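Chemist: Next one to model:
(3 chains)
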Amino acid sequence: MSAVPISTVPASPDPAGDPLVQVRDLTVRFTNSDATIHAVNGVSFDLHRGEVLGILGESGSGKSVTLKTLMRLLPERKSKLGGSMRVAGQDVIAMNASQLTAYRGKIVSMIFQEPMLAFDPVFTIGQQIGEAVIKHEGVSRVEARKRALQMLERVQIPSAARRLDAYPHELSGGMRQRAMIALALACKPQLLLADEPTTALDATVQIQILLLLRELQKEFGMAVIFVTHDVGAAVEVSDRIAVMYAGRFIETGDIRALIRQPRHPYSQGLLAANVLPGSAREGRVEAIPGSPPNLAAVPPGCAFAPRCKYVEERCRGAYPVATTVAASHTVHCILSEAGAQSAV
Amino acid sequence: MTTLLEVVQLRKHFPIKGGLLNRQTATVRAVDGVSFTVEQGETLGVVGESGCGKSTTARLTMHLLTPDEGTIVFDGKTVGSSQMPLRTLRRQMQMVFQDSFASLNPRLTIEESIAFGPRVHGVPGKEARERARDLLAKVGLNPAQFIRRYPHELSGGQRQRVNIARALALQPRLLILDESVSALDKSVQAQVLNLLSDLKAEFGLTYLFISHDLHVVKYMSDRVMVMYLGKVAEVGPVQAIYNKPLHPYTSGLLSAMPSLDPDQRTAAPPLVGDPPNPINPPSGCRFRTRCPYAEGVCAEVEPKLSAIGADRLAACHMVNPDSGHTKAGMALDVPVLPSLMKKTEATA
Amino acid sequence: MSAIPANLAVEVAPIAVSRGYWATVFRRTLRDKVTVVCALILLALVVIAIFAPWIAPADPLATSMLKRLAKVGSEGHLLGTDELGRDLLSRLIYGGRLSLFIGILPVVNAFIIGTALGVTAGFAGGPVNTAIMRTMDVFFAFPSVLLAIAISGVLGAGLFNSIVSLTIVFIPPITRVAESVTTQVRNLDYVDAARASGANALTIVRVHVLGNVLGPVFIYATSLMSVCMILASGLSFLGLGTKPPAAEWGLMLNTLRTAIYTNPLVAALPGVMIFVTSICFNLMSDGLRQAMDIKQ
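Modeler: I've put the predicted structure just below:
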């Protein structure tokens, strides 16, 4: 129901050269005394410089875990990583502590759902942004403060100079989120990871932050991975979208193609649940029955089978292979295999 | 259509205590003169952002908070009077809260939780438990599997179904749903919305549906009420409001919904800054600090809820032809809020 | 019973067997070896104390000036003798009766009274809360040792008086914890839902508040037992608790003070008993706390 003017189609990201992020068959297992949780079950994707990938999924899909793995933020002893993950040519899984310190903040940066988590409550915003710059680039304090001010102005915080000396609790929700973005971008990272950054915000603030992220992404030329459960937020910022379920990318593709014609039954159900076409008086919305699978016991075959209305016997046997339905639009579903058309 | 619930000029201020002797230093004017009606059998949706007072209004209507001013009239009888004492009201009106986990006592089984309400009102234990089992089935949970369970063994969607069953145990006529689906995953949310529609038809219920999600409100509601900073901005039929909002805030709120079409992305945010604080609201019209049509009169005079057409109300000087605004009486002609470049100081 | 609508999403419950909260806590506790060991030690001490007349090898009150301060492992006295020639092993066993009694009973009393006060203050709020909590604050301002000594000094020495004194010392902290937990619980939605059902305050407290408050307060109370034991021993040590010739560990520490140069091992033994009991209470309390912290 957006009635604001049409924006020009954003310039396509630079596909030339090696992808900035190369992930192959990533698996993450959490072990505790009761069971092993298979949070991520074979995720593979490429991300080029300047490209924005949106990961769409619900709770328990593994989307936040995937993001945290890219920054190696998972608890070391309880998590086991498999597969390979290369960012800017470096093997992230093999990094040791000192390499990670150089990597985090400089090459990759992250913004979170709850901005208070990113900030230390006993230091001012200016001090914290400055500290990041000093640590990674070794500049003087004066220079760092100047850079912090520049960043606050870039993220459109009003009265930036005054806010430089404010403490995190003195800012409102929207401004804290902007300050967190400033902190994340202070050292101009090549890859920005956004973990549901607008979920906790009011509608009018959410759209401001989404547009800000889009602007900054274009200006800095960063690659962005944007995790969300809200289709609208994903549409506003992403070039490509991956729908995640039970630790796998079940459908990936260009944003236009996927939104207009989702192929996987889960993607279709998810889109319908977001948009809620029609009204309750006219009829019921088509709801996906059941609930997400227990990640401690992922069944073989397609994890969505118990809830799928098109399910067949062979769905439970083996996880469907990737079928390319269009240029860079892949689906893991038997319905899309070998020319079979899904009833949309 | 008979009016089931009528709320007149509800007011609730919360004092902020501070200073040396814990004196009152400021007031949070959470709800400041809110009036609305709910017709029998309809769903009235309530939307607004944080600080607008919609949750406080819900709790005031339920009498979980005592209003400072204002009256609530249920089924033609004033609440609190001898015709409608609180205990009777409790049987007519119930509420489903947002946090499905905090809404259930972790030490009670599901059956005990649902049967608690009827037992308080004198229903014998056996019959109350029978009613609990019945309701569990109605909300889509197999009673045999769920009656002995504890809340921590259920998923969020299952818990919210239990909360709905618990609310229905007293056989109310009006159900207040305070962000009841907001904390659920979208796919589960769709299931619960279907359930709510089915239950409404089966039991002949009336809903007061509070949410910040504009898609959900549009789907569920017959009429919608938009709140801003403790006051009602606009009320009207859902299609009318979503197609042609009259109040600039409604306009901004609707435009702020993210686009679902990748070729028609939002170019600029319709409203700048954060929603302000209900501690020191602006004089006159509370929205004037972010409104592109604000003029002198907006700072001096607070706009009243004026009728426009047969079934719409809006609190804006552009609606009332005698207000003194340059666009007075021309609200229908004002275009839906375009992207706004007005720089407003966001109050921290 | 009405049929479930066919097209509603019926979700399958995940767990096969449903267990109550306390049953789950019990199972988790059993898996924690440290807690189990401590519980067994305490149980053993209690059993030994109860069956003291049958277990103790000698009469704890039988003196013998000839056999004063015999060393550990002496003929007929496994743990030696004290300054009046009494068998230490027997005195330790009999001493358990008084020491455990005086360590546990005040906390139990304070638990009952403190929870009642705290829940009332927490649930009622407003002036009732202020009245109760500020009164508690007055008592809280005194260090517990000082308070115990002061009250005992006023009441006089003796077992009953020291129990009263210790009970009074422990009521304020328990009230505080109970009030704090009640305030948290009172603001939760399920209490609001109970109010919305039309239940009165007493019913809400009984059904909804108490069950959720007793757990945390109980854990806090168990951690106080070791403090109580030590305080009780201190009171006896100072002569304000049990009177001689009764066997009580704190009192024994006092009377054996002078023997520390001649027979240090014997002089330390009562202290060892106090130490072991306190540690077991503390570790058990810790283990219980962890077991109750089930991540939902």
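
Chemist: going forward, measure contacts and count neighbours with C-alpha atoms only.
Modeler: Will do.

Chemist: in chain A, which helix or strand is least confident?
Modeler: Scoring the helices and strands of chain A by mean pLDDT, DSSP states H and E places strand A:323-326 at the bottom, with a mean of 83.

Chemist: Give me the three-state assignment for residue 166.
Modeler: Since you didn't name a chain, this refers to chain A. What DSSP: H, G, I helix; E, B strand; the rest coil gives for residue A:166 is coil.

Chemist: ah, wrong one, I meant residue B:78
Modeler: What three-state DSSP gives for residue B:78 is strand.

Chemist: Show me where the stretch 201-344 of chain A has its strands.
Modeler: In the stretch 201-344 of chain A, the strands defined using DSSP state E, counting those that start in this stretch lie at A:223-228, A:240-245, A:248-254, A:323-326, A:329-331.

Chemist: worst average pLDDT in those?
Modeler: Lowest mean pLDDT of those: strand A:323-326, a mean of 83.

Chemist: So which bits of it are buried?
Modeler: By 16 or more other Cα atoms under 10 Å in any protein chain shown, the buried positions in strand A:323-326 come out as A:323-324.

Chemist: That one pairs with which strands, and in what direction?
Modeler: strand A:329-331 (antiparallel) (DSSP bridges).

Chemist: got the contact list for the strand it pairs with?
Modeler: Strand A:329-331 is touched from outside by A:250-254, A:257-258, A:263-264, A:322-325, with contacts defined as Cα atoms under 8 Å, 6 or more residues apart in numbering or on different chains.

Chemist: how does it look with 6 Å?
Modeler: Strand A:329-331 is contacted from outside by A:250-253, A:322-324, using Cα atoms under 6 Å, 6 or more residues apart in numbering or on different chains.

Chemist: Count the neighbours of residue B:148 for me.
Modeler: A count of neighbours around residue B:148, defined by other Cα atoms under 10 Å in any protein chain shown, yields 17.

Chemist: my guess is it meets residue B:109, correct?
Modeler: Yes: contact criterion Cα atoms under 6 Å: residue B:148 and residue B:109 qualify, at 5.4 Å.

Chemist: ranges for the helices of the stretch 201-348 of chain B?
Modeler: Using DSSP state H, counting those that start in this stretch, the helices assigned to the stretch 201-348 of chain B run over residues B:214-220, B:238-243, B:248-255, B:296-300.

Chemist: repeat for chain A
Modeler: For chain A, the helices defined by DSSP state H occupy A:63-70, A:97-103, A:125-137, A:141-154, A:160-163, A:173-185, A:203-220, A:231-237, A:255-260, A:265-275, A:313-317.

Chemist: What does the closest residue in space to residue C:188 that isn't next to it in sequence show for phi and psi?
Modeler: Using Cα to Cα, 6 or more residues apart in numbering or on different chains and skipping the chain neighbours, the partner closest in space to residue C:188 is residue B:102 (5.9 Å). When read as degrees, to the nearest 10, the backbone of residue B:102 gives phi -70, psi -10.

Chemist: Grab the most central residue of chain B for me.
Modeler: What sits nearest the mean C-alpha location of chain B, by Cα atoms, centre = their mean, is residue B:210, with 3.1 Å.

Chemist: List the contacts of that one.
Modeler: Neighbouring residues of residue B:210 by Cα under 6 Å, 6+ apart: B:45-46, B:177-179.

Chemist: try it again with 7 Å
Modeler: Neighbouring residues of residue B:210 by Cα atoms under 7 Å, 6 or more residues apart in numbering or on different chains: B:45-47, B:177-179.

Chemist: Which single one of the residues you listed is nearest to chain C?
Modeler: When the contacts of residue B:210 are compared for distance to chain C (Cα to the nearest Cα), residue B:178 wins out at 11.6 Å.

Chemist: didn't the closest one look like it was pressed against residue B:208?
Modeler: No: here residue B:178 does not reach residue B:208: they are 8.1 Å apart, not a contact under Cα atoms under 7 Å.

Chemist: So chain B: which segments form each domain?
Modeler: B:3-12+B:28-221, B:246-259+B:269-347 (automatic domain parsing).

Chemist: what's the neighbour count on the residue in chain B positioned nearest to chain A?
Modeler: Proximity of chain B to chain A (Cα to the nearest Cα) peaks at residue B:219, 4.3 Å away. By the measure other Cα under 10 Å, the count of residues near residue B:219 is 21.

Chemist: Give the full set of residues in contact with it.
Modeler: Taking Cα under 7 Å, 6+ apart as the test, what residue B:219 contacts is A:276, A:278-280.
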